[in-house]
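Participant: model this:
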Amino acid sequence: MPKLFAGWVLGVVCLGQLHAQVPVAAAPSVPERGLTGPHPDDDTFVMLRDASRLNDLARVDTYAARLQQYPLPSYVEYYRLKPRLASTSPDEIRSFLIRYQGSAIADRLRNDWLLELGRARDWVNFDQQLPLFVLNDDTQVRCYGLMSRVARGERVTEEARAALVNPQAYGDACNGLLVALAQANQFDVNDLLVQLRLAGETASTGPARRIATLLGASDAHAAQAVDFPALAMARGVGATRAEHEIYLVAISRMARSSLKLAAVALRKNLPLLSSQEQAIGWAVLAHAASLKLDPDAAEYWRNSAGAPLTAEQVQWKTRIALRQGDWKTVRSAIADMPAPLRSQSAWTYWQARAMQTDPASPPEAALALYQRIADQNNFYGQLALEELGQKISIPPPGPALTTEELVPVAANAGLRRAVKFFSLRLRPEGTREWNWELRKFSERELLAAAEFARRNEILDRMVHTSERTRTQFDYTQRFPSPHIELLSPTTNQLGLDKAWVYGLIRQESRFMTDARSSVGASGLMQVMPATAQYVARKIGLGDYVKDKLNDLHTNLVLGSNYMNMVLANAGGSQTLATAAYNAGPGRMRAWRATLSQPMEGAVFAESIPYMETRVYVKNVMANATNYAALFENRPQSLKARLGRVAPRTDAPSDLP
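Facilitator: Down below sits the predicted model:
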């Protein structure tokens with residue numbers, strides 16, 4: 001984390017290029033003061049937080065006793081209470097909530113308490129607290145809330161169907177809701193079979209077992225279908241509808257590892273299945289084939305006509321149709337999507353494109369869809385803007401921020417707490433405090449808060465905050481270019497597009513110089529240690545050692561050179577090179593090898609099998625288009641940047 005200039009809130013406020021000495025208004029009367037700068041008990045506070053997370057009550061009490069004068073008393077008390085929620089009296093918890101009413105940490109504790117109340121099935125206290133939960137953004141709390149309503153005899157079937165879509169994240173709350181719905185006859189057999197298919201699709205063994213039991217089938221057979229599909233397939237189709245569905249789960253899981261074996265098994269047993277079950281079988285094969293970009297995927301989707309498709313399946317049916325240029329299927333598949341999914345910018349755009357290929361569709365219908373998303377400065381918003389005959393440009397900035405606008409934001413207690421947390425590398429706490437305050441801000445206050453983040457070198461919060469505005473814009477906040485003096489010599493020497501490099505950095509690290517991924521990627525450009533060694537050896541960086549990967553200049557040099565290498569390996573296609581930077585050159589080459597002819601860059605990006613890489617490529621390319629407009633001060637084309645992705649013709653590379 002770069003040095004944080006939290007002391008700025010007590011001293012100098014800068015306006016653009018003008019520096020004015022301004023006394024900052026006194027902080028509001030809140031319990032927490034003295035948040036600027038280091039404190040002698042900072043290390044103890046961090047240890048308290050870690051002990052609370054581990055439910056180590058002895059250490060919690062020891063550290064809390066040392067922190068009676070620490071400038072964050074609400075958090076000291078929170079970390080003391082959190083591991084004791086199950087045994088603490090409701091009155092003590094309510095006392096905390098009243099004392100810190102309206103704060104981020106009070107809402108956090110209420111979230112924690114609601115989870116504890118739900119686990120205890122204490123619906124009286126739960127129902128009292130749920131309406132007071134401000135953020136109300138916890139899926140488990142949502143499931144407990146629905147469970148409480150089922151216990152009161154309310155019908156929640158439609159809401160439950162919308163909530164129960166990802167068995168991997170069900171936990172106690174959503175699994176309990178599923179059982180409650182079945183026992184109350186609010187979920188019928190068809191609902192439970194949908195849940196069984198989702199469990200198979202997401203390899204969720206626990207939910208699969210539970211659902212099988214609710215269906216009157218063997219939970220052991222359901223678990224076997226998920227974890228050991230070959231054994232489940234060898235056992236056969238079975239006699240009941242539930243057993244048929246368990247067999248199809250086994251087909252689904254087997255298809256992920258061996259599409260050929262799964263297809264042989266399905267074809268062999270088709271006569272034993274109903275017409276809808278046959279269609280479901282083809283759908284699970286089609287889904288697996290789509291994730292492999294297998295040439296048989298389109299045929300499998302045609303065979304699946306009439307199957308009830310999951311959200312993932314219908315999206316992959318659409319993507320394969322896009323790759324085939326089958327606009328009729330694109331139209332029908334998008335029409336079959338649930339309304340919330342269909343309204344997403346991706347499917348709004350492709351629906352409009354499909355309409356334009358239909359002679360019976362009036363031109364204004366497609367234009368209306370483009371206009372619906374053209375003001376969204378994202379991948380599909382940019383593409384829609386181009387379909388309307390415009391290019392991507394930087395909107396004019398609003399009036400410059402004044403001292404009067406900056407001072408109260410700089411004195412905001414919640415933002416100051418956030419800065420303190422960021423200085424301690426407690427990013428979840430800092431982000432929670434920061435975002436809590438943003439809920440109350442006008443657009444001008446958002447821009448001022450983004451400027452405050454810039455002055456404190458918390459650039460990820462600057463970007464996030466500035467992106468919230470809808471009528472006034474500062475693209476130097478949304479698309480900053482820090483350290484350009486360090487980056488430019490390398491990009492200039494390589495002839496590398498600086499807009500593309502910054503588009504990638506913005507996506508990789510949001511300009512956090514100490515960013516580190518769960519797999520070990522480091523720094524602004526999130527370079528993996530093995531990749532860094534390879535690049536250093538190739539470019540003759542003899543003094544490179546692993547410990548220098550987080551050095552800002554070294555990270556930029558290694559990352560930029562690696563981008564240049566993957567770009568050359570991708571034949572100059574930024575679309576392919578971006579995919580390679582995220583997923584690895586080997587996967588990029590495998591995806592490219594599925595092409596028999598050049599493909600529109602946007603179609604290739606949308607049909608990347610890995611969701612992380614698919615989102616990554618779209619974001620990087622949209623970012624780069626904005627940076628180019630900013631750097632060159634002229635409108636840009638995302639379509640031109642995406643280009644067309646051609647089949648590979650040269651020899652494979654040794655890139656890692």
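
Participant: For this structure, name the helix or strand with the lowest mean pLDDT.
Facilitator: When the helices and strands of the chain are scored by mean pLDDT, DSSP states H and E, strand 18-21 comes last with a mean of 28.

Participant: next SSE after that one?
Facilitator: Going down the chain from strand 18-21, the next helix or strand is helix 42-53, by DSSP states H and E.

Participant: Doesn't residue 293 belong to a helix?
Facilitator: No: according to DSSP: H, G, I helix; E, B strand; the rest coil, residue 293 belongs to no helix; its state is coil.

Participant: neighbours around the residue lying closest to it once chain neighbours are set aside, how many?
Facilitator: Among residues not flanking residue 293 along the chain, residue 594 sits closest, at 4.2 Å (C-beta to C-beta, 6 or more residues apart in numbering). Where C-beta positions appear, they are placed from N, C-alpha and C, glycine not excepted. Around residue 594 sit 16 other residues, with neighbours defined as other C-beta atoms under 10 Å.

Participant: how close does residue 594 sit to residue 588?
Facilitator: Residue 594 is 11 Å from residue 588, where distance means C-beta to C-beta, to the nearest Å.

Participant: Also residue 478?
Facilitator: Distance of residue 478 to residue 588, computed by C-beta to C-beta: 28 Å.

Participant: Give me the more crowded residue out of these two.
Facilitator: Legend: neighbour count by other C-beta under 10 Å for residue 478 and residue 588, higher for residue 588 (26 against 21).

Participant: isn't there a helix covering that one?
Facilitator: Yes: looking at residue 588 with three-state DSSP, it is inside a helix.

Participant: how about the closest residue to it other than its chain neighbours, what does it touch?
Facilitator: In this structure, residue 588 finds its nearest non-sequential neighbour in residue 580, 3.8 Å apart by C-beta to C-beta, 6+ apart. The contact partners of residue 580, by C-beta atoms under 8 Å, 6 or more residues apart in numbering, come to 566, 569, 570, 587, 588, 589, 655.

Participant: Whichever strand or helix holds residue 580: how far from the chain's middle?
Facilitator: Assigned by DSSP H and E, residue 580 falls within helix 574-583. In terms of C-alpha atoms, centre = their mean, to the nearest Å, the centre of helix 574-583 is found 18 Å from the chain centre.

Participant: Enumerate the positions of that helix that are buried.
Facilitator: 574, 575, 576, 577, 578, 579, 580, 581, 582, 583 (16 or more other C-beta atoms under 10 Å).

Participant: Equivalent analysis for stretch 359-370, please.
Facilitator: Using 16+ other C-beta under 10 Å as the test for burial, stretch 359-370 gives 366, 367, 369, 370.

Participant: and what of stretch 348-356?
Facilitator: For stretch 348-356, the neighbour count (16+ other C-beta under 10 Å) marks 348, 349, 350, 351, 352, 353, 354, 355, 356 as buried.

Participant: could you dump the residues you listed to a markdown table with distance to residue 507 and secondary structure?
Facilitator: Formatted as a markdown table, these follow (distance: C-beta to C-beta, whole Å; DSSP: H, G, I helix; E, B strand; the rest coil):
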| residue | distance to residue 507 | secondary structure |
| --- | --- | --- |
| 348 | 23 | helix |
| 349 | 20 | helix |
| 350 | 22 | helix |
| 351 | 26 | helix |
| 352 | 26 | helix |
| 353 | 25 | helix |
| 354 | 29 | helix |
| 355 | 31 | helix |
| 356 | 30 | coil |
